[in-house]
Structure formats: C-alpha cells, structure tokens
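Enquirer: Sharing a model prediction with you, sequence too.
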Amino acid sequence: MLTNDEREMIRDLILLPHIETMVSKSLKEIEHSGNILKRAYLMAGQAIQRRITQDTYQLQKELKQRNIRMLADEQEEFLVYY
C-alpha cells in the first residue's frame, strides 16, 4: 500500500511535466511580446523551469529509493492512465 506522502509524490511527478510545458509556452509568448517587463518575466520563468526540473529529479530519485516505479499505461483522448 502507498502512503499519502507517496501518493502526493506520484501526483506531483505526473503534473510537473505538464506544468513545465505550460511555463515553456508562456516563455515563448513573452519572448515575442513587447512587454516592458519582458526580461524580468523571462528570468522568473526560467527560474521556475529550473525548479520544476530539480523537483522532478528529486521525486524520481525518492520514488526509486522507495522501489516505486510509475509507467504510463495507456492514453484515451485526454486521459492518461498510470
């Protein structure tokens, strides 16, 4: 049985790649904008991307230590089963 902490780690590991995709798309939009705060937004977005990468790595490492593997099973339209 999984503990609540392990369930949260699995949830986060599933969500983080999607969050990273959203941040990447936002950064691309900002790069092409004429916003006066463009540089600040890009720096903040890149810091968020680095943090997402670090968190993903740490979660994978922790789950591996707990001998928990997560595999994408199948995908139907907008649903992905793990």
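Expert: On my side now, so go ahead.
Enquirer: only C-alpha atoms for contact and neighbour calcs from this point on.
Expert: Will do.
Enquirer: How about residues contacting stretch 42-52?
Expert: With CA atoms under 8 Å, 6 or more residues apart in numbering as the test, stretch 42-52 has contacts from 16, 20, 23-24, 27, 30-31.
Enquirer: can you map out the helices along the protein?
Expert: Along the chain, counting by DSSP state H, helices occupy 4-31, 38-65.
Enquirer: Nearest to Tyr82 among these would be which one?
Expert: helix 4-31 (8.7 Å; CA to CA).
Enquirer: now the closest one against helix 38-65, angle please.
Expert: 150 degrees (axes from the mean of the first three to the mean of the last three CA atoms, to 10 degrees).
Enquirer: Name the residues of helix 4-31 that are buried.
Expert: 6, 9-10, 13-14, 16, 20, 23-24, 27, 30 (16 or more other CA atoms under 10 Å).
Enquirer: What is that helix packed up against?
Expert: On a contact count with 3 or more CA pairs under 8 Å, 6 or more residues apart in numbering; DSSP states H and E, helix 4-31 meets helix 38-65.
Enquirer: Please identify the buried residues of the helix it packs on?
Expert: Neighbour count says helix 38-65 has 41-42, 45, 48-49, 52, 55-56, 59-60, 63 buried, by 16+ other CA under 10 Å.
Enquirer: which stretch among the helices of the chain comes nearest Leu71?
Expert: helix 4-31 (10.2 Å).
Enquirer: Averaged pLDDT, that closest one. What do you get?
Expert: The pLDDT scores in helix 4-31 average 95.
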